[in-house]
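A.B. asks: I would like to see how this sequence folds:
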Amino acid sequence: MILTSELLSQFAWLEHGFGTRLAQIDQTSMASLKQIHSDRVLTASRPGLAGEGDALVASPGVPVSIRTADCFPVLIVDKRTRAVSAVHAGWRGTAKEIVRKAVAAMREQFGAQPEDIYAVIGPGIGACCYEVGEDVAREFGRTRAGHLDLLTLNRRQLLLEGIPGEQIDAVGGCTYCEHELFHSYRRDKDHAGRMISYIGSKNS
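C.D. replies: The predicted structure is shown next:
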C-alpha cells in the first residue's frame, strides 16, 4: 500500500508516493541519501547514493527518495520546471528549517518560484504521541517539555517560503498510533523498519 496526494496526482507527468509498512519499494532506480538528521540539502544528478544529508533536489530526469519511521517525509515539485525535492524532516531538521532550505535550493538551482511549487507532507509521528523533553522543546523556543507538532511546524515553514496554502497538502496518519500501517522508531526501537517516499517524472 502506497499513499498518494490528490494535490500531486493532478500532474499526469509526475510519479510520487509515501510508503507504508505494507509497501515494498525499491530505491535502486532512485537517488537516495545516507540520512544524518541534518539540514544538509544535496543535488542528485543520477540514481544511487548522493551522499550524506537529509534533503535531495533534482532536475526532472532524476527521481529522489528518502526513508522515514516517525520523521516526516516532504515531497516538493515545481510544476513549471518540473524540478523535485524529497525532504527528511525529523525534529532536528525541522528545528534547522530543512524544508525552507530545500525550497531555497530549488529556487537557486532550477529557478523555481513559490507560486509554481506544490508540497505534500507525508505520515509522521503526530502531536498526539510525540512528547519531547525540555532539551528538544528549547530548540523550538519553548521552556517546558510537552507535545510537539512537527507537521504544523513544517507547513508553517513552507508558507514562510511564499508557497500558497492551497498548494500545500498533508496525507495524514500518525506513525506511532497506526501500528498496522506504519513503522515507528519510537514505538519499535531497533526493530522498526523504514518507509520509502519518492517523487519524480514518469518519463525519468
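A.B. asks: who's in contact with residue 52?
C.D. replies: Applying Cβ atoms under 8 Å, 6 or more residues apart in numbering to residue 52 gives the contacts 33-36, 38, 40. Placement of C-beta: from N, CA and C, glycine included.
A.B. asks: so where's the longest helix in this protein?
C.D. replies: Identified as the longest helix of the chain according to DSSP state H is helix 98-110.
A.B. asks: List of residues touching it?
C.D. replies: 38-39, 41, 43, 54-55, 57, 59, 74, 76, 78, 81, 83, 85, 87-89, 93, 112-114, 117, 119, 154, 157-158, 160-161, 163.
A.B. asks: residues of it that come out buried?
C.D. replies: 98-103, 105-107, 110 (16 or more other Cβ atoms under 10 Å).
A.B. asks: Same check on stretch 15-27?
C.D. replies: 15-21, 25, 27.
A.B. asks: now, which of those sits nearest residue 6?
C.D. replies: Closest approach between the buried residues of stretch 15-27 and residue 6, by Cβ to Cβ: residue 16, at 11.2 Å.
A.B. asks: any idea where the helices of this structure begin and end?
C.D. replies: 6-9, 91-95, 98-110, 134-138, 150-160, 185-188.
A.B. asks: so residue 15 sits right up against residue 201, yeah?
C.D. replies: Yes. At 7.1 Å, residue 15 counts as touching residue 201 under the criterion of Cβ atoms under 8 Å.
A.B. asks: which residues do the two both contact?
C.D. replies: residue 63.
A.B. asks: With adjacent residues omitted, what lies nearest to residue 79?
C.D. replies: Nearest residue to residue 79, sequence neighbours excluded (Cβ to Cβ, 6 or more residues apart in numbering): residue 116, at 5.2 Å.
A.B. asks: Now do that neighbour: how many residues are near it, please.
C.D. replies: Counted with other Cβ atoms under 10 Å, residues neighbouring residue 116 total 18.
A.B. asks: show me the contacts for it.
C.D. replies: 78-81.
A.B. asks: Show me which of the residues you listed are buried.
C.D. replies: Using 16+ other Cβ under 10 Å, the buried members of the contacts of residue 116 are 78-79, 81.
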